[in-house]
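Visitor: Sharing a model prediction with you, sequence too.
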Amino acid sequence: MQRVAFEALDGRRGAVVAIDPNNGEILALVSSPSFDPNSFATGMSPSEYNTLQNDRDRPLFNRAVRGTYPPGSTIKPMLAIAALETGATNLQRRTVCYGFFMLPNTTHRYRDWKPEGHGEVDIHDAISQSCDVYFYEISNDIGIDRIHDYLAQFGLGSATGIDIVGERSGLVPSTEWKRSAFRDRSDQRWYQGETVIASIGQGYMLATPLQLATATAALATRGIRYQPHIVAACEDPLTGERTLASPVRLDDIELDDNTNWDAVIDAMNAVMQGSRGTARAVGSDAPYRMAGKSGTAQVFSVGQDEEYEEDEIEERLKDHALFIAFAPFDDPRISVAVVVDHGGAGSTVAAPIARPEAAAARAS
């Protein structure tokens, strides 16, 4: 599965993390571009090391556990759980998306990825079609601190505790975080507009591919969480006796209404295999049911009245492509997170990389 994931990235900068959601076992942990670790054991010249160290594509940097990215719309399933649980929305609430959202008494337009809008949508549509406006509207009803608290339950914003060194924690902002981070500035207030941006995984929010995979695993199991681990067993060098590593169960995510799991996960299935799902091109002909969510994260700001042609900007200013998924739908055996640095649209670039992983897990 490691080879399948590495080959699917096809030399692009990025990461793939695959986890067994039933025990936290890491099935694949890929960072690309990579390097041959045998060179460190057999001997490497200073010039060879300097070539690796100074490579602009950073092959020595483990993107899977150390790369922090705006998660974009991949957080929408988790945010939907928060909205349903707090009463910020319900399954019947519908809104009309005209392609933008405005806060009261302001003129600033928060744009949807679809300029003409999605029309009338409910929360199922908002996830499956990735309607930004729906989440903009409900974001301040949830509030940034409750957004923080719910996303933290999924493991976002803190280290997972994986059994390798160097993991970074990412960031899920809150009012308390901003007061601390901006303590040397005169203005430490949290603004409504910052909550709006956070609702689509932008602004201050950052996550590692590993965190996204573990959060997806928690969706797959409907709240049962395990610490991710690579080590399968430890062997005594003298006796040869092996001790299997036991899965470490973390705190479950407990909902007041467990049917909210079904509502969100059904919408994730529609992302892949619904008639209007954003990743239907990848999932529609799959021989098994899948659940997923694409994400596209901007890396530089664009004015509300500005447009840009993706083909005309420098490659390293293009959007990051992200995708999360689990499969099979009824009996999940794999949860996957894919990030392609500056890859563009998550549904067309990152999603196709996840499907071979799901197929490999199902076949194994």
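Guide: Structure received.
Visitor: So the residue nearest to Ile230 when sequence neighbours are not counted: helix, strand or coil?
Guide: In this structure, Ile230 finds its nearest non-sequential neighbour in Ile26, 4.8 Å apart by C-beta to C-beta, 6 or more residues apart in numbering. Every C-beta, even on glycine, is put in place using the N, C-alpha and C of the backbone. Per DSSP: H, G, I helix; E, B strand; the rest coil, the secondary structure class of Ile26 is strand.
Visitor: With Ala245 as the reference, measure out to Leu238.
Guide: Look at Leu238 and Ala245: by C-beta to C-beta, to the nearest Å, they are 20 Å apart.
Visitor: between these two, who's got more neighbours?
Guide: Using other C-beta atoms under 10 Å, the more surrounded residue of Leu238 and Ala245 is Ala245, with 16 against 6.
Visitor: What's the per-residue pLDDT of the closest residue to that one other than its chain neighbours here?
Guide: Nearest-residue entry for Ala245: Val231, 5.1 Å, with adjacent residues in sequence omitted and distances by C-beta to C-beta, 6+ apart. Here, the pLDDT recorded for Val231 equals 95.
Visitor: wait, is Val231 part of a helix?
Guide: No: with the criterion set as three-state DSSP, the secondary structure at Val231 is coil rather than a helix.
Visitor: Surely Ala5 is in contact with Ala28?
Guide: Yes: with contacts defined as C-beta atoms under 8 Å, Ala5 counts as touching Ala28 at a distance of 4.4 Å.
Visitor: Report the buried residues of stretch 260-271.
Guide: Of the residues in stretch 260-271, those buried by neighbour count under the rule 16 or more other C-beta atoms under 10 Å are 260-261, 263-265, 267-271.
Visitor: Please identify every residue contacting each of Ala5 and Ala28.
Guide: Counting by C-beta atoms under 8 Å, 6 or more residues apart in numbering, the contacts common to Ala5 and Ala28 are 16, 18, 357.
Visitor: will you turn these into TSV that also has secondary structure and pLDDT?
Guide: Below are these laid out as TSV (DSSP: H, G, I helix; E, B strand; the rest coil; pLDDT from 0 to 100):
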residue	secondary structure	pLDDT
Val16	strand	96
Ala18	strand	96
Glu357	helix	76
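Visitor: Where neighbours are concerned, which of the residues you listed has the most?
Guide: Using other C-beta under 10 Å as the neighbour criterion, Val16 leads these with 32 neighbours.
Visitor: rewinding a little: can you tell me how far the residue nearest to Ala245 sits from Ala88?
Guide: In this structure, Val231 and Ala88 are separated by 41 Å, where distance is defined by C-beta to C-beta.
Visitor: Look at those two and report which has more neighbours.
Guide: In this comparison of Val231 against Ala88, neighbours counted by other C-beta under 10 Å, the higher total goes to Ala88 at 20 against 12.
Visitor: Kindly state the pLDDT recorded for the closest residue in space to that one that isn't next to it in sequence?
Guide: Nearest in space to Ala88, with sequence neighbours left out and distances taken as C-beta to C-beta, 6+ apart, is Asp141 at 3.8 Å. pLDDT, the model's per-residue confidence, is 95 for Asp141.
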